[in-house]
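Visitor: Sequence first, then the predicted structure:
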Amino acid sequence: MTNDNNDTNNDQPEAAPSLLIIDDETIAIKNLTHLFTKCGYHVTARSTGAGGFKVLEEQNFDVVITDLKMDKVDGMGILKKSQSIDPDLPVIMLTGHGSYDSVVQAMKMGAYHYLSKPYQLDEIREIVKHALELVTLKRENKKLKLHLDEDNKQHQIITQDPVTLRLLDTMKQVAPSDCSVIISGESGTGKELAARFIHANSHRNKKPFVAINCGAMQEDLLANELFGHEKGAYTGAGSAHQGLVETAEGGTLFLDEVAEMSLGMQVKILRVLQENEIQRLGGTKTYPINVRFLAATNRNLEVEIAEGRFRQDLFYRLNVIQIHLPPLSERIDDVPLLAYHFLKKHTKNMQKEVDDFDPDAMGILNHYGFPGNIRELENLIERAIVLSTEKKITLAQLPPSLTEQSISVMRFNKNKLPTLDEQEIDYIKWVLDKCGGNRTKAAKILGIDRVSLWRKIKKHDLQ
């Protein structure tokens with residue numbers, strides 16, 4: 001038996017979860033200590049409430065298990081002390097003398113769970129496991145919120161993903177130069193944000209950053225927007241008009257969706273890049289320019305060149321440096337970080353007091369594939385804030401398609417448990433659907449290689 005002067009830890013590693021057990025019954029302490037030490041926990045045991053009270057002041061714990069009825073300091077006293085030290089510390093109450101009133105009181109005071117003696121060891125092991133998962137998630141969320149307050153103040157790109165952090169370092173190296181950059185990546189991955197980051201870290205950051213979507217206009221209108229026009233260039237042109245290239249003088253011009261430009265427009269942009277001058281529509285005079293060009297696309301430009309839709313010479317002019325942004329499905333550790341960033345951003349705009357996520361809601365977000373990438377995540381958070389009536393985002397504020405995912409994937413119902421094949425089929429179908437049929441992307445989310453996914457598709461006839 002462990003007493004008030006001894007800890008039982010069996011040389012567990014420092015990283016092991018820390019568990020405090022307080023009970024005045026010798027056999028209870030012995031059984032629980034053996035169980036949780038075997039499970040890999042660092043166990044500290046006390047046989048009196050006073051001893052437990054004291055060790056709570058001296059050490060940090062991840063979970064507390066305490067008997068309710070003890071002399072001098074009882075379980076309610078332990079619960080109050082635990083919450084005064086750490087409101088998120090899960091406290092599990094045990095008693096052989098329980099009543100409905102004591103259960104209600106303990107739960108109202110914030111006890112994580114309540115078990116009457118005699119209890120099953122498997123049952124308490126599962127409860128402690130879930131309590132540990134909850135406290136770990138809460139602590140990680142607090143760190144993320146703190147990280148958002150203390151870090152990322154010099155730029156807008158929110159990430160803790162190693163690949164994206166390396167890309168940030170590359171962009172910082174590229175920023176001071178005047179070389180052209182192509183930023184590639186799926187829609188919604190933040191290509192314009194990356195372009196603004198490069199501009200903000202360049203010597204041009206005091207001058208304009210001008211962006212234009214090249215796929216949103218026909219060739220004549222795009223040319224007019226970029227190069228401007230002279231008076232009388234066309235019917236209705238009553239005065240000369242400066243285009244966006246001139247507006248960006250000394251700064252940066254960002255050509256978004258550059259692959260959507262017509263071949264004729266590509267020739268005009270190529271000439272501007274080569275000559276560093278522009279000619280307004282309807283005029284003969286040329287205007288020298290000092291502008292840095294950044295471009296973005298969600299297409300593979302080498303394929304576009306091979307199929308005759310993009311000029312190779314323009315590609316070489318723009319592609320001095322290429323930055324490829326990974327999809328959100330490949331930087332899933334960024335989901336909580338970005339979620340809290342958008343939560344803070346939109347609650348401020350809407351003046352709503354929503355400051356956290358329910359663990360189940362965050363769990364759904366962490367396991368979603370985000371085919372729409374960061375843009376989709378931001379839209380989900382904004383929608384949740386609009387619908388929220390509490391201080392936390394819960395499952396109720398997430399779209400049904402997300403919250404139903406856990407049900408549809410598991411296929412559990414009251415009458416029939418699914419076979420392993422049924423569950424696998426549903427999950428593969430769901431992931432493929434979320435990835436738009438992209439097997440490479442689906443395989444990454446599933447944690448298998450593309451050949452293994454192909455075999456499963458063939459096995460289950462999912463063609």
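Guide: In hand now; what should we look at? Residues are numbered from 1 along each chain as shown.

Visitor: tell me the phi and psi of residue 24?
Guide: Backbone dihedrals for residue 24, given as degrees, to the nearest 10, come out at phi -90, psi 10.

Visitor: and what of residue 235?
Guide: Per-residue torsions, residue 235: phi -60, psi 130 (degrees, to the nearest 10).

Visitor: burial measure for it, as a count.
Guide: Other residues near residue 235 come to 6 when the count uses other CB atoms under 10 Å. Quick note: C-beta positions are derived from backbone N, CA and C, even for glycine.

Visitor: Distance of it relative to residue 224?
Guide: Relative to residue 224, residue 235 is positioned 13 Å away (criterion: CB to CB, to the nearest Å).

Visitor: Also residue 119?
Guide: The spacing between residue 119 and residue 224, counted by CB to CB, is 77 Å.

Visitor: more crowded one of those two?
Guide: Neighbours around residue 119 and residue 224, counted as other CB under 10 Å, are more numerous at residue 224. The numbers are 20 against 14.

Visitor: Just the pLDDT at that one, thanks.
Guide: Per-residue pLDDT puts residue 224 at 91.

Visitor: Was I right to think it contacts residue 243?
Guide: Yes - distance between residue 224 and residue 243: 7.1 Å, which falls inside the contact criterion (CB atoms under 8 Å).

Visitor: How much space separates residue 440 from residue 448?
Guide: Look at residue 440 and residue 448: by CB to CB, they are 11 Å apart.

Visitor: Neighbour count: those two, which is higher?
Guide: Neighbours per residue (other CB under 10 Å) separate residue 440 from residue 448, with residue 448 holding more: 15 against 10.

Visitor: Secondary structure element holding the more buried one?
Guide: Secondary structure here is read from DSSP states H and E; on that basis residue 448 sits in neither a helix nor a strand.

Visitor: ok, it - contacts?
Guide: Contacts for residue 448 were tallied using CB atoms under 8 Å, 6 or more residues apart in numbering; they are residue 456.

Visitor: So what does it have for phi and psi?
Guide: With angles defined as degrees, to the nearest 10, residue 448 shows backbone torsions of phi -130, psi 170.

Visitor: Of all the residues in stretch 327-342, which ones are buried?
Guide: Along stretch 327-342, the positions that meet the burial threshold by neighbour count (16 or more other CB atoms under 10 Å) are 327-329, 331-332, 334-342.

Visitor: Show me the two of those that sit farthest apart.
Guide: Distance extremes for those: the farthest pair is 327 and 340 at 20.1 Å, using CB to CB.

Visitor: helices and strands of the chain: which one has the lowest mean pLDDT?
Guide: Taking mean pLDDT, DSSP states H and E as the measure, the chain has helix 405-410 as its least confident helix or strand, at a mean of 47.

Visitor: Just after that helix, pick out the following helix or strand.
Guide: Later in the chain than helix 405-410, the nearest helix or strand by DSSP H and E is helix 420-434.

Visitor: How far does that following helix sit from its chain's centre?
Guide: Offset of helix 420-434 from its chain centre (CA atoms, centre = their mean, to the nearest Å): 23 Å.

Visitor: again with stretch 249-263
Guide: With CA atoms, centre = their mean as the basis, the distance from the averaged C-alpha position of stretch 249-263 to the chain average is 29 Å.

Visitor: And the pLDDT for the residue nearest to the spatial centre of the chain?
Guide: Taking CA atoms, centre = their mean, the centroid of the chain lies closest to residue 335, which sits 0.7 Å from it. Per-residue confidence (pLDDT) for residue 335: 91.

Visitor: host element of it?
Guide: Residue 335 belongs to helix 334-350 when assigned by DSSP H and E.

Visitor: Show me how far that helix is from its chain's centre.
Guide: Offset of helix 334-350 from its chain centre (CA atoms, centre = their mean): 10 Å.

Visitor: All set, thanks.
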